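Asks: Below is the sequence, then the predicted model.
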Amino acid sequence: MTITYRLAGVARLTKGRVLGIALLVLAACQAPVLPPPIPELTYGHLEPINLDVGRIEIVEQYVPPLKAPNVEHTFPTPPATAMRQWAKDRLRAVGEIRTARLVIKNASAIETKLKITGGLRGAFTKDQSERYDVTLDVVLEVRGEDGVAVAFANAVVTRSKTVTEGLSLDERARVFHEMTQSLMDEVNSELEKNIRQFLVQYLR
């Protein structure tokens, strides 16, 4: 009887361990899949813009307030950061004199709270809870040796989007990323068009 009892105890212990392992495997299989990381915004894949200048400067006139209603500092890539990257990736100084200066005059993102449904009805309603207005205002100047601007090309682009209440931090970050990406796509197109029109004599 003693031998039988010990064997049965071993059998019960083995089954418990197997059950525990099975539960761990099942939990691992049901673990949530993490979303892919938000990619960096770069523009090195685009053709460089060669300018007949000796150097290129980036000047940020816009200073983020770092408080409501401004939220650009919470973006995965703030508009000003994306604009600086664009300048580094696309603009090339291939001359010996003059200076090209990219001035970031505005790179703001403003959050506006929207009215949402309250009470019992609100519990069953998904409203648009915030609107975001993102603006980039930039100018590319060519300055002579005396520091006076002799030509310029600019671009002013705004994007607006409302979001549904209850977004997670990750979902909101992806909305911000998509807004910056869309904004930069249009800035790139608009600025390049104006450069080829108004700075054509300084292109090489």
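Replies: Yes, it's here.

Asks: now the helices for the chain?
Replies: 2-29, 79-90, 119-123, 169-198 (DSSP state H).

Asks: And the protein, split by domain according to the record?
Replies: 1-31, 37-202 (automatic domain parsing).

Asks: Save the ones you listed as a markdown table, and put in mean pLDDT and mean neighbour count too.
Replies: Heads up, the C-betas are built off the backbone N, CA and C, glycines and all. Putting these into a markdown table (pLDDT from 0 to 100; neighbours: other CB atoms under 10 Å) gives the following:
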| stretch | mean pLDDT | mean neighbour count |
| --- | --- | --- |
| domain 1-31 | 46 | 9 |
| domain 37-202 | 95 | 16 |
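
Asks: Does residue 80 touch residue 103 like I think?
Replies: No - here residue 80 lies out of contact with residue 103, judged by CB atoms under 8 Å, at a distance of 11.4 Å.

Asks: hmm, who's touching stretch 110-130?
Replies: Contact with stretch 110-130 is made by 68-71, 131-134, 162-166, as judged by CB atoms under 8 Å, 6 or more residues apart in numbering.

Asks: Next: stretch 73-88.
Replies: 38, 40-43, 56, 58, 60, 62, 64, 66, 72, 102, 104, 107-109, 134-136, 138, 173, 176-177, 179-180, 183-184, 187-188.

Asks: got it, and stretch 175-193?
Replies: 38, 41, 43, 46, 49, 71, 74-79, 82-83, 86, 90, 109, 132, 134, 136, 138, 140, 153-155, 157-159, 161, 163, 167.

Asks: Backbone dihedrals for residue 94, please?
Replies: phi -120, psi 10 (degrees, to the nearest 10).

Asks: Lovely, talk soon.
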